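> show me the folded form of this:
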Amino acid sequence: MIGYPPRVLFQKKFWAGLADGSITLAFRRWKRPTVKAGGTLRSPGGLLAIHAVEPCALKEISAEDASAAGYPSRRALLDALKGREGALYRVRFSPAGPDPRDALRRDDALSDEEWAKIDAALDRSDFSSGSPWTRDVLRAIEAEPGRRAGDLAPRFALPLKLFKQRVRRLKTLGLTESLKVGYQLSPRGRAYLARATHRA
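All right, here's what the predicted structure looks like:
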């Protein structure tokens, strides 16, 4: 499977600021940091270059910090941090280009070797889950692009969280992409599935 930088979750309201570079800070509570200075991470706004990961006390957070983290005020940021466990860290970053999966999703010219690698990765996901699901989920998304995860998950007798985790595996392979509501196959996913169906 292709390796990618780690991903840190951001609420949807922050995505535009991550993409245009106006958001350059994040505050996280961790038992230990999951990112490090000098590395990169994926976000819904593209790839981010990590410049610093620093322990931080609440009293050290300024109004300017809150603005750089995408919050309207210091109080709004402090409220967002309430009830979360772990030590507080300030993460400094800047945009570092598009998510590398974006180009992968657009690449639908599959060589025999690339097709075989995708096929093997899907087989491994099926095996690790204890039952085949990958191609069935791809076909369900193909049949109903834009269908909500909450509508699709019951068809596979899966909790919503687990279903979304499985779709993220397919997205990591460049086979699916998220819409404002639901999912659709990427050009790469359509190319893979068309060839898989032809061979079946």
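> pull the helix or strand with minimum mean pLDDT from this structure.
None of the helices or strands of the chain scores lower by mean pLDDT, DSSP states H and E than helix 100-106, at a mean of 80.
> mind listing residues that contact the longest helix seen in the chain?
In the chain, with assignment by DSSP state H, the single longest helix is helix 112-129. The contact list for helix 112-129 (CB atoms under 8 Å, 6 or more residues apart in numbering) reads 1, 110, 132-135, 166, 169, 173, 175, 192, 195-196. Yep, even glycine has a C-beta here, placed from its N, CA and C like the rest.
> relative to Val137, how far out is Ala149?
The spacing between Ala149 and Val137, counted by CB to CB, to the nearest Å, is 11 Å.
> what residues are shared contacts of these two?
Val167.
> more neighbours: which of these two?
Neighbours per residue, other CB atoms under 10 Å: of Ala149 and Val137, the larger number sits with Val137, 25 against 18.
> distance of the more buried one relative to Ile23?
33 Å.
> where in this structure is pLDDT low?
The model of the chain has pLDDT under 70 over residues 1-9, 198-200.
> tell me which stretches of it form helices.
Counting by DSSP H, the helices of the chain are 15-20, 63-68, 74-81, 100-106, 112-129, 134-143, 149-152, 160-172, 187-199.
> any idea how far Leu193 is from the residue located most distally from the centre of the chain?
The centre of the chain is farthest from one residue, Lys59, which by CA atoms, centre = their mean lies 31.4 Å away. From Lys59 over to Leu193 the distance is 54 Å, taken as CB to CB.
> surely Trp30 and Gly86 touch.
Yes. Taking CB atoms under 8 Å as the definition, Trp30 is a contact partner of Gly86 at 4.8 Å.
> domains for the chain, by residue range?
Domain segmentation of the chain under automatic domain parsing yields 12-98, 102-199.
> understood, closing this out.
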